[in-house]
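> got a sequence here, can you build the structure:
(one chain, ligands or ions: 1)
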Amino acid sequence: MATNTDTVVLFVVGTLAATFLLYSSGLVIFRLCFSPLSQFPGPKLAAATAWYETLVDITSNNFHEILMDMHKQYGPIIRCSPWEISINDAEYYTKLYVPAGIRHTNSMVQRFGFGLESESLYSAVIPSSVLNHKDTIATTSDHDLHQLRRRPLEKYLSRQGIMQAEAVIHEKTRLLDERLSAMRGTGSVVRLDQAYSAYLGDITIELTVGESSRMLEEADFAPEWYYVFPSQRCCKRMAADTHRLLKMIPMGLIRSAYPRIAAFKMWDVLGRDKVDNIKSDLAEEVVPQKFSFFHTLIRSDLPAFEKHASRLSAEAVGVFGGGTINPTSALAFMTFHILNDAQIHRRLQESLTEIMNEFPQKSPTWIELEQVPYLAACVKEGLRMSCQFRRSARVAPHTELHYKEWVIPKNTAVAMAIYNMHYDSDVFPDPFAFKPGRWLGDIDPRMNRHFAPWGKGSRDCPGKNLASAEMYVCLGTLFRPGGPFSAQVALKDCDETDFALLRESEFGVFPYSSRGLGVSFD
Ligand code: HEM
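Okay, the predicted model is just below:
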């Protein structure tokens with residue numbers, strides 16, 4: 001027999017369930033019939049609830065493909081979530097992703113599931129407040145604050161800025177070249193992807209905080225730094241509290257128990273330590289060994305709240321990550337495909353004969369290497385394929401946007417996926433194949449319009465010149481005739497499956513089970 005308490009519990013649960021149902025139905029009816037976006041075409045399910053995309057993210061991670069199919073079915077402009085429009089028309093890319101001088105652009109604060117706000121699904125799992133990452137350039141939504149934060153980095157990493165700092169790239173490239181060349185004929189096997197992450201980490205850290213981290217000199221190329229990336233993805237699946245706990249456990253203990261997690265912590269600690277060092281150097285008027293971004297930033301006239309230690313260390317972590325993760329994936333991806341195809345390998349080597357003929361007495365500059373057509377073709381093809389897979393929506397807070405006959409209300413999130421443009425089979429036939437030759441000769445002019453590996457506008461990649469210089473100098477040096485890859489090198493314990501880009505992250509990443517880029521020098 002039901003007691004009074006049971007009746008009360010049943011009543012409360014029933015009322016809550018009914019309220020929830022009523023609220024959800026009302027919300028769905030509003031979104032489908034009365035929202036200012038209700039006139040836009042697209043699947044009703046995606047317009048009704050963001051749980052649709054959230055569930056795809058959790059189960060199959062292929063929303064970018066589903067989005068492409070939606071465009072095929074409903075046309076170039078669709079509503080892809082309750083609050084977001086997606087456009088698939090490369091001609092519109094530069095109209096949406098505009099420089100700061102053209103109009104104000106906020107980034108979209110991502111929402112998921114019930115519509116909770118979060119920078120991404122990732123930071124919904126580990127809130128950015130836990131990582132202190134919410135105050136970085138990349139995670140600042142408001143246009144004005146974003147510009148204030150971004151301008152100094154943009155200037156420091158401009159084409160001119162990188163040309164001045166190029167000596168660091170050449171110095172590290174020679175070191176990498178010497179280490180790999182010394183292995184020739186020894187039968188040694190090296191994890192080239194780890195070597196690249198040490199190389200890129202050393203350059204980024206030296207340029208941004210003025211001191212070398214010397215990972216390239218370590219016997220095994222500092223695998224901890226390399227594992228920061230997969231460990232970040234591993235932590236992504238954990239609860240926020242796990243990360244909070246991690247912060248309390250001594251580094252040595254974690255390192256011995258689970259080195260990959262130690263890498264994640266190391267990243268955080270490094271950001272804080274470097275910023276603290278610079279602050280105390282500046283207080284004691286110690287002259288830095290090398291000019292650096294953070295020295296300039298801390299000395300600049302930015303408002304004091306912008307120079308708060310926790311914000312700056314979060315920014316440092318962001319720049320170290322941006323400077324290592326994407327370029328490592330891109331370089332390893334390109335190197336795999338070049339080594340995996342004897343014809344591409346031979347052609348690249350031949351194309352470098354003339355420009356590299358005075359090496360090591362003289363290294364050609366990044367700008368000179370950009371002029372080698374086949375090298376440029378390999379870099380472009382690699383960037384086309386290892387691009388950003390998720391879309392980055394932009395919001396024009398003060399103006400309506402116009403696309404063909406459509407008027408998009410102001411303050412609406414509008415996105416265009418780089419993936420849709422880079423993998424469009426009309427423009428790039430056989431888009432999943434690495435074919436540098438497609439970039440040579442009289443190319444379809446649409447290819448350049450579809451190509452946006454760095455994004456565009458006021459929030460494009462500020463590291464594009466640095467990354468580009470690194471890729472040209474590194475590939476040009478290592479693949480030159482007489483270089484480390486001109487002797488008997490073979491891919492070791494890896495094949496295409498290890499480099500099949502996963503779309504689960506912002507950018508295409510290698511599968512978690514990837515055996516990495518093993519190369520043997522026989
Ligand atoms: C192959 C190498 C790289 C690729 C393909 C790449 C690509 C991108 C893209 C597409 C964006 C725009 C994301 C968006 O629209 O939401 C971006 C943003 C960013 N990248 Fe890169 N990047 C690379 C290397 C670097 C490097 C070397 C650095 C730093 C030294 C860096 C730092 C950043 C930062 C801080 C942002 C955020 C910019 C903002 O929100 O204003 N990236 N990157």
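> hmm, the lengthiest helix in the chain in reach of the ligand?
In the chain, with assignment by DSSP state H, the single longest helix is helix 309-339. Yes. Using CB under 6 Å from any ligand atom, we find that helix 309-339 touches the ligand at 318-319, 322-323, 326-327, 330. Glycine gets a C-beta too; all of them are placed from N, C-alpha and C.
> now do the buried residues in that helix.
Neighbour-count burial for helix 309-339, counted by 16 or more other CB atoms under 10 Å, picks out 311-339.
> distance-wise, check the residue of the stretch 401-522 of the chain at minimum distance from the ligand relative to residue 92.
Per CB to the nearest ligand atom, residue 463 is where the stretch 401-522 of the chain lies closest to the ligand, at 2.1 Å. Computed as CB to CB, to the nearest Å, the residue 463 to residue 92 distance reads 25 Å.
> go on, residue 185?
54 Å.
> same check, this time on residue 101
19 Å.
> next one: stretch 420-438 to chain centre, how far?
20 Å (CA atoms, centre = their mean, to the nearest Å).
> how about it as CSV, C-alpha atoms only?
C-alpha atoms of stretch 420-438 as CSV (Å, rounded to 0.1, in the frame of the first residue of the first chain):
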residue,chain,number,x,y,z
ASN,A,420,33.8,21.5,-46.6
MET,A,421,36.0,23.7,-48.8
HIS,A,422,39.2,21.7,-48.5
TYR,A,423,37.5,18.3,-49.2
ASP,A,424,35.1,19.5,-51.9
SER,A,425,35.5,16.8,-54.6
ASP,A,426,34.4,19.2,-57.4
VAL,A,427,37.4,21.4,-56.7
PHE,A,428,39.8,18.8,-55.3
PRO,A,429,39.1,15.6,-57.1
ASP,A,430,40.0,12.5,-55.0
PRO,A,431,40.2,14.8,-51.9
PHE,A,432,41.4,12.1,-49.5
ALA,A,433,44.6,11.5,-51.6
PHE,A,434,47.8,13.4,-51.0
LYS,A,435,48.6,14.8,-54.5
PRO,A,436,51.0,17.7,-54.4
GLY,A,437,50.9,17.8,-58.3
ARG,A,438,47.3,19.2,-58.2
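> ok, and what's touching that stretch?
Applying CB atoms under 8 Å, 6 or more residues apart in numbering, the external contacts of stretch 420-438 come out as 64, 67-68, 71, 88, 90, 93, 337, 341, 344, 348, 374, 377-378, 380-382, 384-385, 387, 444, 446-447, 450-453.
> closest point of the stretch 1-150 of the chain to the ligand, which residue?
For the stretch 1-150 of the chain, CB to the nearest ligand atom, closest residue to the ligand: residue 138, 3.7 Å.
> residue 150 versus the closest residue to that residue other than its chain neighbours, what's the distance?
Computed as CB to CB, 6 or more residues apart in numbering, the closest residue to residue 138 that is not its neighbour in sequence is residue 318, at 5.8 Å. Look at residue 318 and residue 150: by CB to CB, they are 11 Å apart.
> overlap of the contact sets of the two?
Joint contacts of residue 318 and residue 150 (CB under 8 Å, 6+ apart) are residue 137.
> the residue of the stretch 1-150 of the chain closest to the ligand in helix, strand or coil?
helix (DSSP: H, G, I helix; E, B strand; the rest coil).
> just confirm residue 434 is within a helix.
No. Assigned with three-state DSSP, residue 434 falls outside any helix and is coil.
> shaky segments in the stretch 401-522 of the chain?
502-509, 512 (pLDDT under 70).
> near the ligand, which residues of it show up?
So far as CB under 6 Å from any ligand atom goes, the stretch 401-522 of the chain lies against the ligand at 453-455, 459-463, 466-467.
> TSV for the residues you listed, including secondary structure?
Below are those laid out as TSV (three-state DSSP):
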residue	secondary structure
453	coil
454	coil
455	coil
459	helix
460	coil
461	coil
462	coil
463	coil
466	helix
467	helix
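> ranking those by neighbours, who comes first?
residue 466 (29 neighbours; other CB atoms under 10 Å).
> was I right about that residue contacting residue 162?
Yes. Assessed by CB atoms under 8 Å, residue 466 is found in contact with residue 162 at 5.4 Å.
> for the nearest residue to residue 217 once chain neighbours are set aside, helix, strand, or coil?
Excluding its sequence neighbours, the residue lying closest to residue 217 (CB to CB, 6+ apart) is residue 175, at 7.3 Å. Secondary structure state of residue 175, per three-state DSSP, is helix.
> contacting residues around residue 175?
With CB under 8 Å, 6+ apart, residue 175 has these contacts: 199, 216-217.
> who in this structure is up against the ligand?
So far as CB under 6 Å from any ligand atom goes, the chain lies against the ligand at 137-138, 150, 204, 318-319, 322-323, 326-327, 330, 388, 392, 453-455, 459-463, 466-467.
> kindly recompute the last result at 5 Å.
137-138, 150, 322-323, 326-327, 330, 388, 392, 453, 455, 459, 461, 463, 466-467 (CB under 5 Å from any ligand atom).
> residue ranges in the stretch 201-350 of the chain under the pLDDT threshold?
228-271, 285-291.
> show me what residue of it gets nearest to the ligand.
residue 322 (2.9 Å).
> OK, contacts around that residue?
Per CB under 8 Å, 6+ apart, neighbours of residue 322: 138, 461, 463.
> repeat for residue 518
189-192, 491-494.
> now swap in residue 145 and tell me
Residue 145 neighbours (CB under 8 Å, 6+ apart): none.
> please, which helix or strand holds it?
helix 143-156 (DSSP states H and E).
> buried stuff in that helix?
Quick answer for helix 143-156 (16+ other CB under 10 Å): 143, 146-147, 149-150, 152-154, 156.
> for the residues you listed, which one is nearest residue 57?
Of all the buried residues of helix 143-156, residue 146 has the smallest distance to residue 57: 25.5 Å, by CB to CB.
> apart from its chain neighbours, what residue comes closest to the closest one?
residue 140 (4.3 Å).
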